[in-house]
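J.: sharing a sequence plus its predicted fold:
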Amino acid sequence: MFPTEPAAVNTGFIALLKNRSFMLLWMGQVLSQLADKVLLVLLVAMLKNYQPSSGLPENSMYSTLMVAFTIPAILFGSAGGIFVDRFPKKLVLIGSDVLRGLMILLIPFLPREFLLLLIITFAISTVTQFFAPAEQAAIPLLVHSENLMAANALFSSTMMGAMIVGFAIGEPMLSFAKSFLGAEYGQELIVCGLYLLSGALMQPIHLKDYKPIEEKEKFIHPWADFKLGLRYLKTNRLVLNAMLQLVGLYCVFAALTVLAIRLAADFGLQEKQFGFFLAAAGVGIVLGAAILGHWCHKLHRKPLPLIGFLMMAMVLGVLTFTKSLILALGLCAVLGIGAALIGVPMQTLIQQHTPPAMHGKVFGFQNHAVNIALSAPLAITGPIVDRLGLQVTLLGMSFLVAAVGIWTWQNTRRVLQDAL
């Protein structure tokens, strides 16, 4: 089951550095995540070359594009996981990268019709829903259980790092490509190249996870497989609780995205500079993940998710009263550390306690739930702030996050203590 892990006693990042297949998977993830972020920058920049469809206001094009980019995550999150359980994970990972790269390369040759751009965007985002569960399912097949915490810490930190770096270098990278590779297709070529390079890096991975499908199992039954995954979650209290805590974590971060815009105005920044607060939280996640990855063996049997929720609740409460921008950014970094204390251990638990035959279904369901968790707060946080004000909303979130952390810990304390 772990064919590529060296027989070493090292744990943490040292063992991962010696695991060739895992490092190739990680490097492929970095490039794929970077390509996702640069692609979003490219799609937004391309809007100026497209006329809105009949009946669609010009200032609604951005929102419509974002809907096309996010809807597949809600529609096909679970379907991607069902597919992953029936086909080789390596094939799904590489195939997803190649398909996305080729679809991006089609854009310069298509008519400048906004509807066509929406279709391509929808298709690329749909293929991404197959990559995510395959990636999560591949990690426990490449890494020993004692190193899963470090592996997830590395993936979490680089995922957040790719988001920060990708949006920061997206525009300069696209400008460089436009100048040196040609204005007609240079930008698309550089994004396509990132996806194809990601797929090429993962080609040498030695991943023995696939068994030939029996004749009676050749046809995919999405609804039956979905119900099978749901039944498994209902009977596995540990995995279900870990997934619920991840959903709660992503709800907080989605709400923070909206609140950051209001915070920027309160601290005298322009609204478009709200990214400073999210970047500070991202730095905190990277730092927290590094701590967990390096000292994971010393943190055994510690109530990490409870500590993480209480840290986040404290930050949200204190943000209500602080007037210093530097202090606010520091608090956001502390919030990121708290998020890492929840996200990394809970993701590790799901991987450790899910049998290989259920990996795709469980991770697909998780991907689906997380995407819904990211979407719902975006819709309701703004109206709540308009009605109650920023300070009341932050205080309310602080109490709610603390209550969720305490409730989930008390609800499954014995189970989690044995697993962490």
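T.: Nice, thanks for sending it over.
J.: the residue lying closest to residue 138 once chain neighbours are set aside: neighbour count?
T.: Nearest residue to residue 138, sequence neighbours excluded (Cβ to Cβ, 6 or more residues apart in numbering): residue 89, at 4.9 Å. C-beta: built from backbone N, CA, C; applies to glycine. Using other Cβ atoms under 10 Å, residue 89 has 23 other residues around it.
J.: surely residue 89 touches residue 140?
T.: No - using Cβ atoms under 8 Å, residue 89 is not in contact with residue 140; the gap is 10.9 Å.
J.: now the helices: where do they sit in the stretch 1-150 of the chain?
T.: All helices of the stretch 1-150 of the chain, identified by DSSP state H, counting those that start in this stretch, fall at 13-17, 20-46, 61-86, 89-106, 114-142, 148-180.
J.: typed the wrong thing, it's the stretch 151-300 of the chain
T.: 186-202, 222-235, 237-266, 275-295.
J.: compare the mean pLDDT across those and name the weakest.
T.: Lowest mean pLDDT within the helices of the stretch 151-300 of the chain: helix 222-235, at a mean of 72.
J.: measure the nearest residue to residue 393 once chain neighbours are set aside to residue 161 for me?
T.: Spatially, and ignoring its direct neighbours in sequence, residue 393 is nearest to residue 385 (5.0 Å; Cβ to Cβ, 6+ apart). In this structure, residue 385 and residue 161 are 29 Å apart, going by Cβ to Cβ, to the nearest Å.
J.: same deal with residue 185?
T.: Distance, residue 185 to residue 161, by Cβ to Cβ: 29 Å.
J.: ok, now residue 351?
T.: Distance, residue 351 to residue 161, by Cβ to Cβ: 21 Å.
J.: between the two, who's got more neighbours?
T.: Neighbours were counted for residue 351 and for residue 161 using other Cβ under 10 Å; residue 351 has more, 24 against 18.
J.: any idea which element the more buried one lies in?
T.: helix 325-352 (DSSP states H and E).
J.: let me know the angle separating that helix from helix 114-142.
T.: 60 degrees (axes from the mean of the first three to the mean of the last three Cα atoms, to 10 degrees).
J.: what helices or strands is the following helix or strand past helix 325-352 leaning on?
T.: Scanning forward in sequence from helix 325-352 by DSSP H and E, the next helix or strand is helix 359-388. Where contact means 3 or more Cβ pairs under 8 Å, 6 or more residues apart in numbering; DSSP states H and E, helix 359-388 is packed against helix 61-86, helix 114-142, helix 222-235, helix 237-266, helix 325-352, helix 390-411.
J.: per-residue confidence averaged over helix 359-388?
T.: For helix 359-388, mean pLDDT is 76.
J.: chain center to that helix: distance?
T.: A distance of 12 Å separates the C-alpha centroid of helix 359-388 from that of its chain, computed with Cα atoms, centre = their mean, to the nearest Å.
J.: first to last residue in stretch 102-114, what's the distance?
T.: Distance between the two ends of stretch 102-114: 19 Å, counting by Cα to Cα, to the nearest Å.
J.: and it, what's buried?
T.: Residues 103, 104, 105, 107, 108, 114 are the ones in stretch 102-114 that count as buried (16 or more other Cβ atoms under 10 Å).
J.: would you turn these into TSV with pLDDT and distance to residue 95?
T.: Formatted as TSV, the buried residues of stretch 102-114 follow (pLDDT from 0 to 100; distance: Cβ to Cβ, whole Å):
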residue	pLDDT	distance to residue 95
103	94	12
104	93	15
105	91	16
107	90	20
108	89	23
114	86	28
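J.: what's the farthest-apart pair in the residues you listed?
T.: Greatest spacing in those, by Cβ to Cβ: 105 and 114 (19.4 Å).
J.: now the residue positioned nearest the centre of the chain: closest residue in space, sequence neighbours ignored.
T.: Compute the mean C-alpha point of the chain, and by Cα atoms, centre = their mean the closest residue is residue 159, 6.7 Å away. The shortest distance from residue 159 to any non-neighbouring residue, by Cβ to Cβ, 6+ apart, is to residue 33 (5.7 Å).
J.: so the one you found sits right up against residue 155, yeah?
T.: No - Residue 33 is beyond contact range of residue 155, at 9.5 Å (criterion: Cβ under 8 Å).
J.: neighbours around residue 204, how many?
T.: Neighbour tally, residue 204, other Cβ under 10 Å: 10.
J.: so residue 125 makes contact with residue 67?
T.: No - contact criterion Cβ under 8 Å: residue 125 and residue 67 do not qualify, at 10.3 Å.
J.: okay, those two: which has more neighbours?
T.: Counting neighbours by other Cβ under 10 Å for residue 125 and for residue 67 shows that residue 125 has the greater number, 21 against 13.
J.: residue contacts, that one?
T.: Taking Cβ atoms under 8 Å, 6 or more residues apart in numbering, we find residue 125 in contact with 68, 69, 70, 71, 72, 73.
J.: among the residues you listed, which one lies nearest to residue 339?
T.: Using Cβ to Cβ, residue 73 is the member of the contacts of residue 125 that lies nearest residue 339, at 19.8 Å.
J.: residues near that closest one, how many?
T.: By other Cβ under 10 Å, the residues close to residue 73 number 21.
J.: ok, the spatially closest residue to it that is not a sequence neighbour to residue 181 distance?
T.: Once flanking residues are discounted, residue 73 sits nearest to residue 371: 3.7 Å by Cβ to Cβ, 6+ apart. Distance, residue 371 to residue 181, using Cβ to Cβ: 33 Å.
J.: how about the contacts made by residue 317?
T.: 394, 395, 398.
J.: quick one: which of these is nearest residue 136?
T.: Sorting these by distance to residue 136 puts residue 398 at the head of the list, at 30.6 Å, by Cβ to Cβ.
J.: need the pLDDT of the closest one.
T.: In this prediction residue 398 is given a pLDDT of 91.
J.: for residue 221, same thing?
T.: On pLDDT, residue 221 comes in at 61.
J.: do residue 95 as well
T.: pLDDT, read off for residue 95, is 94.
J.: between helix 237-266 and the helix holding residue 351, find me the angle.
T.: Taking the same axes, to 10 degrees, helix 325-352 and helix 237-266 form an angle of 160 degrees between their directions.
J.: which parts of helix 325-352 are buried?
T.: By neighbour count on 16+ other Cβ under 10 Å, the buried set for helix 325-352 is 325, 328-329, 331-352.
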